[in-house]
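Visitor: just need the structure, nothing else, for what follows:
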Amino acid sequence: MAKIDVLNIRGEVVGDIELNDDIFGVEINTYAVHQVVRNYLNNQRQGTQSALTRSEVSGGGRKPWRQKGTGRARQGSTRSPQWYKGGVVFAPKPRDYGFSVNKKIRRLAMKSALTDKLNEKSIIVLDELAFDAPKTKDMVAVLDALKVSTKALIVTDGASKNVYMSVRNIPGVDATTSTTLNVYDILNHDKFIITKAAAQKIQEVYA
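Guide: The predicted model follows:
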């Protein structure tokens with residue numbers, strides 16, 4: 001098992017934690033990661049785009065001119081796709097872009113993402129993270145103490161309104177919980193800051 005230092009909010013080492021190799025030391029499966037990330041992004045799409053086909057646009061009921069003898073190309077309707085205000089060929093219609101990913105692939109993708117962060121030495125474990133009141137400057141001070149100046153994802157054991165409110169005005173920094181953590185958020189941030197309790201919870205769930 002890999003050992004990693006546990007820091008306090010002042011950036012001081014106060015202990016260490018062992019990370020399970022079955023979660024943080026697996027062989028990275030890029031296929032599983034790709035499937036889960038694509039599934040996540042597809043589920044974010046509203047899928048409400050729509051355009052009118054030739055059967056839905058108004059007008060065009062009568063043949064614009066006779067078939068032969070005019071010297072012009074034959075036309076059956078003024079609402080064919082080549083006409084101004086004509087219908088759209090293969091017009092997009094509202095649809096659901098989501099697709100299913102089985103549990104085994106989702107778990108493998110999560111383990112692969114966590115392993116990747118550990119390999120990059122991008123994981124920071126905090127003994128605890130709590131604020132008496134939501135203050136952005138307090139969170140900025142914590143990040144400065146941890147020497148984090150890039151995009152960071154903060155993971156807590158349970159929902160903490162004060163932590164979330166302190167984070168939301170800091171560009172590139174987001175907060176989530178161990179139960180709502182997803183692969184896309186892990187990969188979309190350079191630093192992975194997690195509390196000791198949240199790390200233990202993740203190991204209990206994915207072990």
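Visitor: for the protein, what spans make up the strands?
Guide: 2-7, 13-19, 123-126, 152-156, 173-177, 191-195 (DSSP state E).
Visitor: can you redo the ones you listed as CSV with mean pLDDT?
Guide: Below are those laid out as CSV (pLDDT from 0 to 100):
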stretch, mean pLDDT
strand 2-7, 89
strand 13-19, 91
strand 123-126, 95
strand 152-156, 95
strand 173-177, 94
strand 191-195, 95
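Visitor: now those as a markdown table including mean neighbour count?
Guide: (C-beta placed from N, C-alpha, C; glycine too.) Shown next, in a markdown table, are these (neighbours: other CB atoms under 10 Å):
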| stretch | mean neighbour count |
| --- | --- |
| strand 2-7 | 15 |
| strand 13-19 | 14 |
| strand 123-126 | 20 |
| strand 152-156 | 24 |
| strand 173-177 | 19 |
| strand 191-195 | 24 |
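Visitor: want to try JSON lines for the ones you listed, with distance to H34 as columns?
Guide: Output for those, formatted as JSON lines (distance: least, CB to CB, whole Å):
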{"stretch": "strand 2-7", "distance to H34": "25"}
{"stretch": "strand 13-19", "distance to H34": "24"}
{"stretch": "strand 123-126", "distance to H34": "22"}
{"stretch": "strand 152-156", "distance to H34": "20"}
{"stretch": "strand 173-177", "distance to H34": "21"}
{"stretch": "strand 191-195", "distance to H34": "20"}
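Visitor: which ones are touching the residue nearest the centre of the chain?
Guide: The residue lying closest to the centre of the chain (CA atoms, centre = their mean) is Y184, at 3.9 Å. Y184 sits next to V36, V37, Y40, L41 when contact means CB atoms under 8 Å, 6 or more residues apart in numbering.
Visitor: report pLDDT for it.
Guide: Predicted confidence (pLDDT) for Y184: 96.
Visitor: ok, so what distance separates it from L41?
Guide: 7 Å (CB to CB, to the nearest Å).
Visitor: counting contacts, what elements does the longest helix along the chain pack onto?
Guide: Longest helix of the chain, by residue count under DSSP state H: helix 103-119. Counting by 3 or more CB pairs under 8 Å, 6 or more residues apart in numbering; DSSP states H and E, the packing neighbours recorded for helix 103-119 are helix 21-24, helix 30-44, helix 183-187, helix 196-206.
Visitor: can you say which of those helices is nearest to G60?
Guide: helix 30-44 (35.9 Å; CB to CB).
Visitor: tell me the buried residues in that closest one?
Guide: Buried residues in helix 30-44, counted by 16 or more other CB atoms under 10 Å: A32, V33, Q35, V36, V37, N39, Y40.
Visitor: ok, and the closest non-adjacent residue to the last one?
Guide: Same thing as Y40. Y184 (4.5 Å; CB to CB, 6 or more residues apart in numbering).
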